[in-house]
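**Student:** Dropping the sequence and predicted coords here.
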Amino acid sequence: MVSQEQRRRQLAREKFLRQQQRRAAARRRARVRNSVIASVLGVVVIGSVALYTTGVLKNDKADQANASAEASPSAPPTSKAPDPCEKPAPGSVEKLSWKKEPAMTIDTSARYTMKLDTTCGEIDIALKASAAPHTVNSFNFLAEKGFFDHTKCHRLTTAGIYVLQCGDPTGTGSGGPGYTIPDENLKDKSLKDNIYPAGTVAMANRSQPNTGGSQFFLVYQDSQLPPSYTPFGTVSEEGMKVLKKIADAGESSGAGDGAPNATVVINKATVTKS
């Protein structure tokens, strides 16, 4: 016969065992949950790195979404450097578009120079007309039409690659002239070991062959990139000083890829034959 005291002790032991079992189960669930969270975070980090390293210099709307995904929401705030540039000249961007590439009008044996009169200073670019005739012809056409005037340089990268990207009339990274031009000069002798050297001016594209439009990038520091972006010009020594000033002001995201802190607007773009 079980006494009342023995029964009370038995019930207490059973209660204790149930508590221990519940605690053990809770610990197991926590371990599983933490493992899942760690795995998901690992995939997100790896995916973000892959996006950053493979979707480097694109110019379509899907790429803008990727760029947003790449930005880290927990990136530490950075102190914004003073804007080293002047206010833009009066005027606004004209909405211009064409259905096909312009007819060839340049003399490929002549020398052409593009001058970007920006809010941060003049950037002179020696163009490679003989090596990249379609590209230079397109820029000559667009400059004559005022396509680049009053447009913002919308992107600055300060980690991994070091470029200022311009040429989008919408300022979003998704705009263009309505037509595309073929890739050219991808075996330029200046491109060695997949390095675009400082001073190179090259076309952005949609990560597909022959998808260049009007967006281009200026390399202010040697950058490792696959030879998929048409190199069509070289920045002058004085122009490099302007680029350095823009780069030193940093970019807005704090993650190494965002809008430049400097107010970089192309007041006027001019292509000159000499």
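**Tutor:** Ah, there it is. Residues are numbered from 1 along each chain as shown.
**Student:** For the stretch 151-274 of the chain, which segments count as strands?
**Tutor:** 151-152, 155-157, 163-166, 195-196, 200-203, 216-219, 223-224, 231-235, 257-258, 265-273 (DSSP state E, counting those that start in this stretch).
**Student:** could those strands be laid out in a markdown table, adding distance to Pro182?
**Tutor:** To be clear about C-beta, it is placed using only N, CA and C from the backbone, and glycine gets the same treatment. Below are the strands of the stretch 151-274 of the chain laid out as a markdown table (distance: least, C-beta to C-beta, whole Å):
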| stretch | distance to Pro182 |
| --- | --- |
| strand 151-152 | 23 |
| strand 155-157 | 23 |
| strand 163-166 | 20 |
| strand 195-196 | 19 |
| strand 200-203 | 10 |
| strand 216-219 | 15 |
| strand 223-224 | 23 |
| strand 231-235 | 12 |
| strand 257-258 | 27 |
| strand 265-273 | 19 |
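**Student:** Tell me which of those sits nearest to Ser109.
**Tutor:** Of all those, strand 265-273 sits nearest to Ser109, with 10.7 Å by C-beta to C-beta.
**Student:** List the pairing partners of that closest one within its sheet, with orientation.
**Tutor:** strand 112-118 (antiparallel), strand 151-152 (antiparallel) (DSSP bridges).
**Student:** from these, which stretch is densest packed?
**Tutor:** Among those, ranked by average contacts under mean count of other C-beta atoms under 10 Å, first place goes to strand 151-152 (a mean of 23).
**Student:** centre of the chain versus that strand, how much separation?
**Tutor:** Relative to the mean C-alpha coordinate of its chain, strand 151-152 is positioned 15 Å out (C-alpha atoms, centre = their mean, to the nearest Å).
**Student:** Could you do stretch 198-210 as well?
**Tutor:** That offset, for stretch 198-210, works out to 12 Å (C-alpha atoms, centre = their mean).
**Student:** what's near enough to touch Glu86?
**Tutor:** 119-120, 263 (C-beta atoms under 8 Å, 6 or more residues apart in numbering).
**Student:** switch to 7 Å and redo it
**Tutor:** Thr119 (C-beta atoms under 7 Å, 6 or more residues apart in numbering).
**Student:** what about it, distance to Asp149?
**Tutor:** Glu86 is 16 Å from Asp149, where distance means C-beta to C-beta, to the nearest Å.
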